[in-house]
Structure formats: C-alpha cells, structure tokens
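Undergrad: mind folding the following:
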Amino acid sequence: MSAHSSYDFIIIGAGSAGCVLARRLSAQSYRRVLLLEAGGRDLNPFIHMPAGLAQLVHNRRINWNYYTEPEPELENRRLYWPRGKVLGGCSSINAMCYIRGQPQDYDDWARNGAVGWSYDDVLPFFRKSERYQHGESAYHGSNGPISVEDLRYRNPLTDTFLAAAVSSGLPLNHDFNGKRQEGAGYYQVTQRRGRRCSAASGYLEVARQRPNLSMRTHALVERVLISHHRAVGVAYRVGAKRHIAYCDGEVLLSAGTINSPQVLMLSGIGPADHLRGHGLDVVVDQPSIGENLQDHLDVCTLHKCRRPITYDFNRRQELQVLLRYWLKHHGPGLSNIAEAGAFACSSQAALDRPDIQMHFVPAQLDDHGRNRLPGHGYTLHACHLHPRSRGRIRLRSNSPADAPLIFANYLQDSRDLQAMLEALRLSRDILRSPAFDELRGEEVFPGINDGSDAQLTRFIRHKAETVYHPAGTCRMGTDSSAVVDERLRVRGISGLRVIDASVMPKIVSGNTNAPTIMIAEKAAHLILTDADKS
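TA: Numbering: from 1, shown residues only. From the prediction side, this is the model:
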C-alpha cells in the first residue's frame, strides 16, 4: 500500500459534479486538489460525436451497467440502469438535453428545509455554469464552461412531431429553461461547435493543466478514512495496488446517486444493522442514507414510418454518417437523437406545473436501443416527473467492487401508475394526429387496439424503463434525518460533504444533468466561503 501527500480537497468521482469542483477549487493555486475517478479518460470518439451516444449505452468500459433488483410492480423485471464510468460521468454518455426543471422544484426544496436553495438562490449558479448560444439574459449566462446550443442538425420528423404536439393542444415553447416550461419545442443541448460539451470537456480541459490538481483514473474508492468523527483521507485502489490519500481540508463525495451512499456505507456511515450485517464497523448510525431514491419511469410509444427518413440506418449508412461527421462535420452525426420534446400536465398536476415530459426520437428505440428493430420508425418517450414512489440503495457486500443493490420501487404508489397511463394516452394522441398521416405506419408499442386501462397498464408493467434520472439518496435538509445539511455537510462527520444528485430532497422536473452541475457550482462557492473563514 502506498500513501500520497496530503491534499486540501479530495474529490471522489469525476462526473458532472466532480469536474465542476475540480475546476473551481483548483483555481486558487495554493490549494492542493486530488480528483479520483473509477473509470478512465474520455478518449472514446463516440463520446464526443453527439449521435455516438447510441454506441455508448452498452459499453462496459465507460458504463457501470447497473441493474435494479426485481421490481414488484413491473413484472419483477430487473431494469437496466446505465451510469457513466468515465471522466464526465453521465454527462459523457447522456443525450445532452439541457433542462433545469421548474422554479417550484427549488422553492419546494427551500420550503422543506433546504435553506438557501430556492429558485432565486440557485439561478445565479445555473447562469454561472452556462455559455448560452443566444447570449446573456435574466435566465441565461454567456461566460460559463458548459456550452448550451441549438442543434445543428434535425431530422424532418422532428418538425412533424412539433406540429402534431401543437395540434394536440400544447403551446410552442422556444425555451424550456425560460419563463415557462409547459409546451413543445426543440431541446437545447450541451454541445460546443457540434461536439458534446460534457462536464469533462467543459470544466476539466482548463483545470487539468494546473499543477495543483492531481487526477487519478481507474481509482476505485474503498472507503473514506475517519478519525474522531472527522474525514481525514481516502483509501482507494488502482488495479491490485492500494493507496491512501490524506486530507487536511475536506473530502467531497461526488460519486452519484448510487455510489455516494455506497461509499458512505462502506465507510461506516449508514443504517447500523445493515452495516453490521456486512461486517462493517458503525461510525455513524444514519438510517436515511440510501433511502429516498427517486427516478423518472418512462414508457415508449413506437410507430413504423412509411418513408426511410429515420435514423434507423443499416451498417453502410452508419459508416456514411460517421465519415460525413468526422470529415466534414455535417449531417446526422450532429444530432443528439432526442431532438425535441414536450412538457404537459396530467389531471394530477398542480396549476401550471407540468408533470409529464416527452422526448421524441426519429428512430425505433427498444430496450435502451439495445434491441434493433427492422425497418424504419419513430419513438415518443413519456415519463412522470413527480413520482411519489420511493426506493433505496443498499450494500450487496462489504466489497466496493460489488454493485450495490438498487430497489427503485417504481409504481409503489398507485397514483404514479395513473399519471403514467395519462402520459401514454397523450403520447398516442400526438402520434395519431393528422400531422403524421402521410408517415404513420403500424403502431408497434403499445400496439393495443382497445386501449383500455387494463391493457395499457399491462403494457406499462411489461415495457416501462428508466429515463436515467436517479436522485435523492443522500437527502439535504435541516431535520435530524437528513443526510446532509443545507451546506451539504454530512451529519455527524466533519470535513465530509456529498455533492451530486443524491442530495436532492425531491427529484427535479426534468433531466438531472444541468441541476447536478448547478449543485456543484453552489457547493464550490460554499466550500470556498467556509475555507476562507477558517
């Protein structure tokens, strides 16, 4: 075992949050920062080609390839949960949709104990992170590390979807992150000049040149080292070799909604009986760690297309797309595939607060794209934004190499099923609108003639999947059962914070990448403010 010199900050995880922290905290040259990442560098060319995301969903070299435990309300299926295991984390493998959620999300956080996290509090940090193509405004920033742009290439079917959504009663919305979220529109994307702008490319490209930032890839963290209820370092291994890094300041845990509670529990912080059951010493008995797991469940409506204009390419066409992109930087390779979407209200929604989100894909998408269907088609994803069901993360064993147990508990609350039924019905209505008449082939999914609640429910239980937004397992709040306080400090341990989507008290109304980056921007401000006072 080798020991490294001491650092001011040790960051566990170089995902969306960790990359932000590495850049902001290393900006002061006298602070020594260590960034640990379990995956490798973001060298795969498909990471940087926007449409290359289709090649990443099953790549085990850059993906944790998690599965849930059997889901009781989904025919006991084990659902596939891809998560980024590479510099940039999920921002290196996601669909690049830039969505912040609703102002009410953050006002609810503050109202329920996350003091200082209202919409007015967090908007400056969204703006700080953003380099918006159309310039600075009350809602957008123009000098941040993350480029937010309009798509440079769109499939003609995407315009058809927007026409169909508007004819179905949804207003056209040119900016889901502006004054209102409701409506249908094109997604803004985290791209820069036609390339993915992940947190790694946006934040680390500058920071990795700094001599005071050390970065270790393929570094699997085993535990946080704790002495007298203070975090004093991190034990990790690279291959078969174990290392210890010591910390004079703070350990910052940014391993994500699944791995952050896992690392805490491996470090002796968590439900006491559960830890003892795995032979772990209990440092802090905190039953809430790993609880409060939330995710957006998603269901797809898929139609065949009468014209060969979709992204259902054969091998020869895929090669042509690749060559066109890499040689001329044009064509479908610029697409994020999920080019447009919509936010709508179910009958359960609060006034002017959408609880259904849609992603339109001008291709046939089945089983996360892992099952290729013949011919051409188009797919409309729909998810419920405000689930009431809650799951949990638990250790599988006391080995950090073993994937934790994921109990998502989808549809545990029956009201979630009702919202999913409405989302599915709205999806079918949009794709059956006159705008698609000349293009519409047979309905593949759900492919049900009578469309009764019973039949649609069976379809949801049989085919629904995650839309990749897990959150909430290290909940922030001021109550005694909260895992971290409003400054993201772990209760019962000094010198340790959690900074990622796991701290969300309640999942945001949309994609979670932009909010995670915001959380890290605000956290960096809090950390440096506290450090200056000490």
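
Undergrad: may I have the strand or helix carrying Arg461 as PDB, with CA atoms only?
TA: Assigned by DSSP states H and E, Arg461 belongs to helix 453-463. In PDB, the C-alpha atoms belonging to helix 453-463 read as follows (Å, rounded to 0.1, in the frame of the first residue of the first chain):
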ATOM      1  CA  ASP A 453     -56.800   1.000 -18.800                       C
ATOM      2  CA  ALA A 454     -56.200  -2.700 -18.100                       C
ATOM      3  CA  GLN A 455     -54.400  -3.300 -21.400                       C
ATOM      4  CA  LEU A 456     -52.300  -0.200 -21.100                       C
ATOM      5  CA  THR A 457     -51.400  -1.000 -17.500                       C
ATOM      6  CA  ARG A 458     -50.200  -4.400 -18.600                       C
ATOM      7  CA  PHE A 459     -48.100  -2.800 -21.300                       C
ATOM      8  CA  ILE A 460     -46.500  -0.300 -18.800                       C
ATOM      9  CA  ARG A 461     -45.700  -3.100 -16.400                       C
ATOM     10  CA  HIS A 462     -44.200  -5.100 -19.200                       C
ATOM     11  CA  LYS A 463     -42.100  -2.400 -21.000                       C
END
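
Undergrad: list the contacts for Arg276?
TA: Residues in contact with Arg276, defined by Cβ atoms under 8 Å, 6 or more residues apart in numbering, are Val282. All C-beta atoms are positioned from the backbone trio N, CA, C, and that covers glycine.

Undergrad: how much space between it and Arg491?
TA: Per Cβ to Cβ, to the nearest Å, Arg276 is found 20 Å from Arg491.

Undergrad: for Arg324, what are its contacts?
TA: His330, Gly331, Pro332, Gly333.

Undergrad: what about the second one, how many neighbours?
TA: Right, Gly331. Other residues lying near Gly331 total 16 when counted by other Cβ atoms under 10 Å.

Undergrad: cool, and the last one?
TA: Using other Cβ under 10 Å, Gly333 has 22 neighbouring residues.

Undergrad: my read is it is in a helix, agree?
TA: Yes - counting by DSSP: H, G, I helix; E, B strand; the rest coil, Gly333 is located in a helix.

Undergrad: element containing the residue nearest to it when sequence neighbours are not counted, please.
TA: Leaving aside its sequence neighbours, Gly333 sits nearest to Tyr325 (Cβ to Cβ, 6 or more residues apart in numbering; 2.9 Å). Tyr325 is part of helix 315-328 when elements are defined by DSSP H and E.

Undergrad: Asp352 too?
TA: Of the helices and strands defined by DSSP H and E, none includes Asp352.

Undergrad: my read: it touches Gln181, true?
TA: No - contact criterion Cβ atoms under 8 Å: Asp352 and Gln181 do not qualify, at 9.1 Å.

Undergrad: out of the two, which sits in the busier spot?
TA: Counted by other Cβ under 10 Å, Asp352 and Gln181 do not tie: Gln181 has more neighbours, with 25 against 11.

Undergrad: which residue packs closest to that one, ignoring adjacent ones?
TA: Phe343 (4.8 Å).

Undergrad: which SS state does the one you found fall under?
TA: Per three-state DSSP, the local secondary structure of Phe343 is strand.

Undergrad: I am finished for the moment; much appreciated.
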